[in-house]
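Chemist: Here's my sequence, what's the structure:
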Amino acid sequence: MTLDNARSLIITALGRMNVFYSQTVFDEWVVVSLRSDGASILAYHGPRVTNFRKQFADDIAPLRAEMTGKRLAAGDFEFAPEAAGTHFDVCLRLGATGYLIGNHTGKSMAEIRKDPRWLQAQKAFVELSGKFRADPLE
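Modeler: All right, here's what the predicted structure looks like:
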């Protein structure tokens, strides 16, 4: 899958999640490429355009802790339920080096999951993960 196709799928899936949830689930998302020679941001959407990069290492720490020791394949995902504020809530492996990282800058996943509408919204996220499992980002 190309980056343009991946972005379109992500935008559509997050939009569907917002409809099912009746409010924004993730107000910030980023597609990153993590390689042994470094990381690069491939796409960003959210409220922190100017300071997002500066805070990235701190914001990913809770999610990184949840992922330690796990080997995600394309389409696999992990949540950091207690990550609050600007700390990232979810990571979805998109391909060999690509990851989608999502966040709600005002709520934790634990708070989002308390709403019964989350059950319907998460179906759109699982469908998105299946698309990357079938056709990973190159």
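
Chemist: Dihedrals phi and psi, the residue lying farthest from the centre of the chain?
Modeler: What lies farthest from the middle of the chain is residue 37; by Cα atoms, centre = their mean that is 22.2 Å. The phi and psi values for residue 37, taken as degrees, to the nearest 10, are phi -90, psi 10.

Chemist: Can you verify my assumption that residue 102 contacts residue 87?
Modeler: No. Look at residue 102 against residue 87 with Cβ atoms under 8 Å: they stay out of range, at 11.5 Å. (Each C-beta comes from the backbone N, C-alpha and C, glycine too.)

Chemist: Between these two, point out the one with more neighbours.
Modeler: More crowded of residue 102 and residue 87, by other Cβ atoms under 10 Å: residue 102, with 25 against 18.

Chemist: I'd guessed residue 120 sits against residue 18; true?
Modeler: No. Look at residue 120 against residue 18 with Cβ under 8 Å: they stay out of range, at 11.3 Å.
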